[in-house]
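> What follows is a predicted protein model with its sequence.
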Amino acid sequence: MLIVQAVHDQLISVKDIDELADTYSAAGADVTYHRDLLSEHLLLHPLSAPMTLRWLTDRFNGKPLDEHMVRTKCRRC
């Protein structure tokens, strides 16, 4: 499962999504959780499209996931 969340989202609390990712992981799901430091609610989705498409392409091509990966990313830091 891929979860993409803006840390500074004005509508959805990143803490709630952190808990959701932890819940899925605890239940045995392979979760890739990308937390973005620079985006906000509306901008993150179009900006994350290339990453999302790469992730999906890798899954369809049978590439393995890293174990329960959680990343917090800053594009311009």
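Alright, I've got the coordinates. For clarity, every value in this text was computed on a predicted model and none was experimentally measured.
> and the closest residue to residue 10 other than its chain neighbours, what does it touch?
The shortest distance from residue 10 to any non-neighbouring residue, by CB to CB, 6 or more residues apart in numbering, is to residue 41 (5.6 Å). Yep, even glycine has a C-beta here, placed from its N, CA and C like the rest. Listed by CB atoms under 8 Å, 6 or more residues apart in numbering, the contact set of residue 41 reads 6, 9-12.
> 6 Å instead, please
Applying CB atoms under 6 Å, 6 or more residues apart in numbering to residue 41 gives the contacts 9-11.
> What strands line up against the helix or strand harbouring residue 34, and which way round?
If you go by DSSP states H and E, residue 34 is part of strand 32-36. Strand 32-36 pairs in its sheet with strand 2-6 (parallel), strand 70-73 (parallel), by DSSP bridges.
> weakest of the ones you listed in terms of mean pLDDT?
Lowest mean pLDDT within the strands paired with strand 32-36: strand 70-73, a mean of 66.
> just for this protein, where's the confidence low?
The chain contains residues with pLDDT under 70 at 66-68, 70-77.
> residue boundaries of the helices in it?
Secondary structure of the chain (DSSP state H): helices at 14-26, 41-60.
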